[in-house]
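K.L.:
Pasting the sequence and the predicted coordinates here, then a few questions.
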Amino acid sequence: NPEECASFADVVCIGEGEGMIADLVLQLEQEGDWTRVLNAAYKKDGLLIRNPLRPLVGNMDALPLLDFSCTDEFHLENGAIVRRTSVTDLATEEIPFVSSRGCVFRCTYCCNAKLKQVYDGAGYYVRKHSISGCIDRVTALREQFFSKAKYVFFVDDDFLDRKPSELREFSESFPRNVGLPFECNVSPLRVTPERIDELVKAGVWRIRMGVESGSERTKKE
């Protein structure tokens with residue numbers, strides 16, 4: 001909801017933000033015209049200005065490793081700016097990792113439905129790390145930031161949205177290279193004994209699955 005957000009901020013980001021935030025910082029640093037930054041939206045004379053979108057990130061493996069270093073981490077808590085210096089302030093026992101972006105479904109309660117509208121015609125919305133790229137990154141996160149982590153949490157919208165060959169590769173490679181239990185989100189529409197078997201081989205210990213209904217009676221009772 002960029003129009004509402006822009007009432008409380010100088011500029012908001014529409015869609016993916018890696019390129020937008022880098023360009024914004026560069027323009028501010030050079031005292032340039034930040035109002036031309038792609039993916040930016042802002043209010044001028046009470047009207048919302050929405051700049052054009054840059055292309056979706058296509059190659060997930062080309063993205064930089066997530067930075068959990070806490071060298072420059074600040075949170076807003078109860079109206080005060082609080083500095084965070086430990087990775088445990090961000091994640092206690094797990095290594096959080098998103099191995100894909102987007103979801104093939106259009107559940108009305110989910111942000112993906114709106115984001116698909118935002119990016120309509122801009123390319124294929126669902127993108128994934130390769131299995132090798134996924135495992136390399138989880139391994140690097142463990143070595144650099146989460147040496148005491150007890151498990152991995154794949155925060156993907158639907159971790160089972162993979163080809164059978166990819167799940168087999170994951171079940172063989174993940175225990176060998178990472179060796180931690182993991183949990184993941186899945187869609188009930190993709191759950192089969194064969195797919196769950198591959199997750200078990202890989203070391204799954206918990207699966208999160210949402211089941212929705214349009215019936216108020218079903219939801220309440």
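P.N.:
Received it, and whenever you're ready, just let me know what you need.
K.L.:
For the nearest residue to Ile81 once chain neighbours are set aside, name its beta-bridge partners.
P.N.:
What sits nearest to Ile81 in space, not counting adjacent residues and going by C-beta to C-beta, 6 or more residues apart in numbering, is Phe74, at 5.3 Å. The C-beta positions use only the backbone N, C-alpha and C, and glycine is treated the same way. Note on Phe74: beta-bridge partners Arg83, judged by DSSP bridges.
K.L.:
Next one: Phe74 from Arg84, what distance?
P.N.:
7 Å (C-beta to C-beta, to the nearest Å).
K.L.:
What residues does the residue nearest to Ile81 make contact with?
P.N.:
By C-beta atoms under 8 Å, 6 or more residues apart in numbering, Phe74 lies in contact with Ile81, Val82, Arg83, Arg84.
K.L.:
By pLDDT, give me the weakest of the residues you listed.
P.N.:
Lowest pLDDT of the contacts of Phe74: Arg84, 91.
K.L.:
tell me, how many neighbours does that residue end up with?
P.N.:
When neighbours are defined as other C-beta atoms under 10 Å, Arg84 has 14 of them.
K.L.:
these two touch, right, it and Leu90?
P.N.:
Yes: contact criterion C-beta atoms under 8 Å: Arg84 and Leu90 qualify, at 7.0 Å.
K.L.:
can you pull the buried residues of stretch 68-84?
P.N.:
Phe68, Cys70, Glu73 (16 or more other C-beta atoms under 10 Å).
K.L.:
no no, stretch 175-189
P.N.:
Per 16+ other C-beta under 10 Å, stretch 175-189 contains these buried residues: Val178, Leu180, Phe182, Glu183, Cys184, Asn185, Val186, Ser187.
K.L.:
If we ignore the residues flanking it in sequence, what's nearest the residue nearest to the spatial centre of the chain?
P.N.:
Ranked by distance to the mean C-alpha position of the chain (C-alpha atoms, centre = their mean), the top residue is Val98 at 5.0 Å. Using C-beta to C-beta, 6+ apart and skipping the chain neighbours, the partner closest in space to Val98 is Val155 (4.8 Å).
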